[in-house]
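Undergrad: build me a structure from this.
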Amino acid sequence: MIKSNFKIIYIALILGITLLLFGSINSQQNKIGDIRDGNRATPIHLLKLFDADSVQILKNDSLQIPLSTRYTCGECHSYNVINRGFHFNYADKKIASGRRSEPYIYMDWQKLTIIPLSNRDWKGTFNPAEIGISPMKFLDLFGTHLPGGGVGEIDSLISPDELFRMEVSGKLEVNCFACHDATRQYDPAEYSSQVQKQNYKWAPAGATSLAVVTGNASKMPENYDIYTPSTFADIDVRTTSPPAINYDLSKFNSNNMVFFDLKRKGENERCYYCHSSVHADNNYLNQWKSEEDVHIAKGMNCVDCHRNGLDHQMARGYRDEAEDFKRPELKSYTCEGCHLGVENRLETAGKNGAPTPLHKGMPNIHFEKLECTVCHSGNLPKENVELVKSSRAHKLGLHKSNKEPELFPHIQSTVFVRNENGRLEPSNIIYPSFWGIKKGDEIKPIPISDFDDSFNERIELDTLVNYGKWISINDSTLIDVLKYLNESSGNKENHVFITGGKVFEMNDGELESYREESAEYYSWAIGHNVRPASQSLGVNGCDDCHSFSSDFFFGNVLVESSVKSDSANYNSMTYYSDLNTVYQKLFSLTFLFRPWMKIMIIIFALIIIFVFVIYVSKGLFFITERGTALSSKEEMNNV
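TA: This next block holds a predicted model:
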């Protein structure tokens with residue numbers, strides 16, 4: 001009997017392991033749309049629609065439910081593979097962070113707060129969770145320019161306090177249409193609008209021409225359920241209505257399938273919505289005066305360089321990317337890879353018709369100390385560095401977006417910063433400003449939920465607008481607020497204020513300030529717009545950079561501070577380049593005298609040549625005269 005039971009258990013165990021392995025293998029199998037068959041034509045996407053419960057959506061359904069990209073697009077493509085791509089994996093600590101990029105910037109100007117945020121391990125940023133920003137709060141703040149996925153649908157990240165609210169809004173799935181919808185009817189601003197209303201599961205469909213979404217999930221009670229009429233009782237439909245979707249039924253064929261005009265390679269307009277930037281200069285309101293990136297002007301698309309496979313791991317195109325991600329093929333998609341070729345693989349040069357630069361007369365030290373973008377990307381250096389607005393930081397592209405050129409937060413560009421590898425690169429920079437707690441040498445921002453309503457009253461701001469000159473307070477106000485924060489914790493915590501690259505704290509009843517690495521600026525490299533060779537830095541000669549008043553070395557960068565006694569300070573560009581200003585001034589003088597030196601060299605060379613010719617002539621004359629004398633003597637002897 002015991003043996004019989006053992007056999008049954010043994011067989012069950014073997015079957016279980018077999019089924020588990022089969023399921024694992026089966027789950028890793030490629031779907032029909034994952035691998036190309038070699039045909040370059042774009043497949044026709046005539047699709048069945050599925051909702052978040054993987055139930056097919058039919059034309060004649062009495063209750064219309066929003067489509068799910070996980071199950072609609074996931075019918076043919078491995079959704080879970082795609083969801084680990086660069087635009088969606090920012091919350092995955094197992095994936096390398098790569099070079100620093102634009103952070104999400106948390107700003108509360110009424111609390112003098114600007115904090116660069118990132119889930120990636122980028123020096124100078126804070127994880128949203130460190131300042132009390134939950135995944136749903138993150139979507140509320142930054143979801144307008146997120147393509148879905150990531151924190152928008154990871155169950156393990158959803159806090160218990162927001163579980164019911166997320167059930168009302170649904171998950172913010174990967175918005176495949178944001179890049180791949182090839183019609184001119186796709187509306188990214190409508191997608192952003194739906195996200196602002198917490199209509200997460202409605203947002204992707206609502207941005208297409210397939211459907212119209214109405215209502216506002218953020219106004220619904222936490223027990224709201226579209227399937228349960230009793231949850232509608234507390235809703236005043238005169239002021240707000242439940243989220244609903246109305247499909248264009250004419251787009252359904254007799255088999256309940258819908259045609260989608262999709263492209264594998266997204267168009268530039270799709271990238272621009274999240275990746276635009278504009279300098280707040282004299283041409284800010286005159287778009288017709290602005291120039292396109294030289295690659296775009298020549299007919300290329302963003303994705304011609306920023307390529308990806310099924311895994312959606314976009315090639316970012318910076319010099320050390322191949323080493324960061326252990327992917328040697330990425331070397332081919334850098335500036336060098338396209339224009340010069342990868343070492344020992346010269347066939348990679350000339351991708352997309354890239355010309356080979358000559359760089360005549362350029363000393364090799366420039367290629368060792370500078371990134372290509374120093375000369376070819378971003379705005380040319382100016383005496384005073386300008387402000388720049390970006391899609392993500394300033395909500396560009398939204399309906400009724402604020403068009404003020406000096407809208408907070410203030411990002412400065414172009415600043416030449418020395419990166420981790422010792423090379424200069426053009427960058428955007430921003431100075432953090434926040435109230436923090438100091439423990440030993442570590443300073444962390446105070447969680448945003450710890451501020452009560454009375455805090456704003458203590459700061460006593462004299463403005464109600466979120467643009468113009470950055471707001472600053474008097475020392476007396478700062479002292480009062482720091483004392484209040486310390487007393488609120490029973491003087492058990494040391495509260496500080498970080499702004500303008502300095503830490504302000506109370507010490508024996510006195511306000512003191514000092515520089516600290518945690519208070520320093522955050523920078524991220526500029527890749528675009530790329531200028532043609534005729535507009536590159538240095539095209540006019542060495543004086544473009546190496547003159548006594550060069551904006552490249554000596555341009556002014558505003559150190560924006562929230563403390564009046566410390567405001568209106570400027571750093572020279574050499575501060576960010578990690579160079580000595582006095583040395584660069586003296587070195588620039590050598591270029592002033594170089595034309596004279598060249599003339600002197602030419603004169604001295606001519607003198608040397610003249611002397612040489614004279615002495616050569618004298619030597620030849622002596623040799624000739626000596627030879628003639630010897631010949632005459634021999635003739636005399638013969639006679």
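Undergrad: these two touch, right, Y224 and V168?
TA: Yes. Between Y224 and V168 there is a contact at 5.0 Å, judged by CB atoms under 8 Å. Bear in mind the C-beta positions are built from the backbone N, C-alpha and C, glycine included.
Undergrad: so where do the strands sit in the stretch 351-500 of the chain?
TA: 386-390, 411-418, 424-430, 434-439, 442-445, 494-499 (DSSP state E, counting those that start in this stretch).
Undergrad: got it, and the stretch 1-150 of the chain?
TA: 45-48, 104-108, 113-117.
Undergrad: ok, back up a step: which residues are common contacts for Y224 and V168?
TA: Shared contacts of Y224 and V168, defined by CB atoms under 8 Å, 6 or more residues apart in numbering, comprise A217.
Undergrad: the two: which is more packed in?
TA: A direct count of neighbours by other CB atoms under 10 Å for Y224 and V168 places V168 higher, at 23 against 20.
Undergrad: so what's the more buried one up against?
TA: V168 sits in contact with Q198, A217, M220, P221, E222, Y224, where contact means CB under 8 Å, 6+ apart.
Undergrad: just put the strands of the stretch 351-500 of the chain in a markdown table and tack on mean neighbour count, distance to I245 and mean pLDDT.
TA: Converted to a markdown table, the strands of the stretch 351-500 of the chain look like this (neighbours: other CB atoms under 10 Å; distance: least, CB to CB, whole Å; pLDDT from 0 to 100):
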| stretch | mean neighbour count | distance to I245 | mean pLDDT |
| --- | --- | --- | --- |
| strand 386-390 | 21 | 32 | 94 |
| strand 411-418 | 23 | 37 | 95 |
| strand 424-430 | 23 | 39 | 96 |
| strand 434-439 | 19 | 40 | 94 |
| strand 442-445 | 16 | 39 | 94 |
| strand 494-499 | 24 | 45 | 95 |
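Undergrad: outline the domain layout of this protein.
TA: 45-101+127-175+183-261, 270-430+523-591, 434-520, 595-639 (automatic domain parsing).
Undergrad: export the ones you listed to a markdown table and tack on distance to D34?
TA: Compiled in a markdown table, the domains of the chain are given as follows (distance: least, CB to CB, whole Å):
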| stretch | distance to D34 |
| --- | --- |
| domain 45-101+127-175+183-261 | 6 |
| domain 270-430+523-591 | 5 |
| domain 434-520 | 42 |
| domain 595-639 | 63 |
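Undergrad: comparing these, which gets the lowest mean pLDDT score?
TA: Note on the domains of the chain: domain 595-639 shows the lowest mean pLDDT, a mean of 81.
Undergrad: how far out from the middle of the chain is that domain?
TA: In terms of CA atoms, centre = their mean, to the nearest Å, the centre of domain 595-639 is set 70 Å apart from its chain centre.
Undergrad: quick one: neighbours of the nearest residue to P357 once chain neighbours are set aside, just the number.
TA: Spatially, and ignoring its direct neighbours in sequence, P357 is nearest to H339 (5.8 Å; CB to CB, 6 or more residues apart in numbering). H339 has 15 neighbouring residues, counting by other CB under 10 Å.
Undergrad: Provide a list of residues in contact with H339.
TA: A349, A354, P355, T356, P357.
Undergrad: mind checking the longest helix of the chain?
TA: helix 594-638 (DSSP state H).
Undergrad: ok now that helix, how far from the chain's centre?
TA: So, by CA atoms, centre = their mean, the centroid of helix 594-638 is 68 Å from its chain's centroid.
Undergrad: swap in stretch 250-270?
TA: 29 Å.
Undergrad: identify the residues contacting that stretch?
TA: For stretch 250-270, using CB under 8 Å, 6+ apart, the contacting residues are 42, 44-49, 56-59, 178-183, 186, 188, 210, 296, 301-304.
Undergrad: just the buried members of those residues?
TA: 45, 47-49, 57, 59, 178-182, 186, 188, 210, 296, 301-303 (16 or more other CB atoms under 10 Å).
Undergrad: now, the residues you listed that are in helices?
TA: Checking the buried ones among the contacts of stretch 250-270 against DSSP H, those in helices are A178, C179, H180, P188, I296, C302, V303.
Undergrad: can you put those residues in CSV and add distance to F252?
TA: As requested, those are exported to CSV (distance: CB to CB, whole Å):
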residue, distance to F252
A178, 23
C179, 24
H180, 20
P188, 25
I296, 37
C302, 33
V303, 31
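Undergrad: tell me the one of those nearest C375?
TA: Closest approach to C375 among these (CB to CB): I296, at 18.8 Å.
Undergrad: nearest residue to the closest one other than its sequence neighbours?
TA: Using CB to CB, 6+ apart, the nearest residue to I296 is N268, at 6.3 Å.
Undergrad: what does the pLDDT read for that neighbour?
TA: At N268, pLDDT is 93.
Undergrad: likewise for L19?
TA: At L19 the predicted local distance difference test score is 46.
Undergrad: just to revisit the earlier point, separation between the residue nearest to I296 and H306?
TA: 11 Å (CB to CB, to the nearest Å).
Undergrad: S390 now?
TA: 17 Å.
Undergrad: and S193, by the same measure?
TA: As judged by CB to CB, S193 and H306 stand 27 Å apart.
Undergrad: got it, and N494?
TA: N494 is 45 Å from H306, by CB to CB.
Undergrad: spell out the residue ranges of the helices in the stretch 251-400 of the chain.
TA: 268-275, 294-297, 302-305, 321-325, 335-339, 365-369, 373-376, 391-394 (DSSP state H, counting those that start in this stretch).
Undergrad: tabulate these (a markdown table), appending distance to L579.
TA: Below are these laid out as a markdown table (distance: least, CB to CB, whole Å):
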| stretch | distance to L579 |
| --- | --- |
| helix 268-275 | 31 |
| helix 294-297 | 29 |
| helix 302-305 | 31 |
| helix 321-325 | 26 |
| helix 335-339 | 23 |
| helix 365-369 | 10 |
| helix 373-376 | 13 |
| helix 391-394 | 28 |
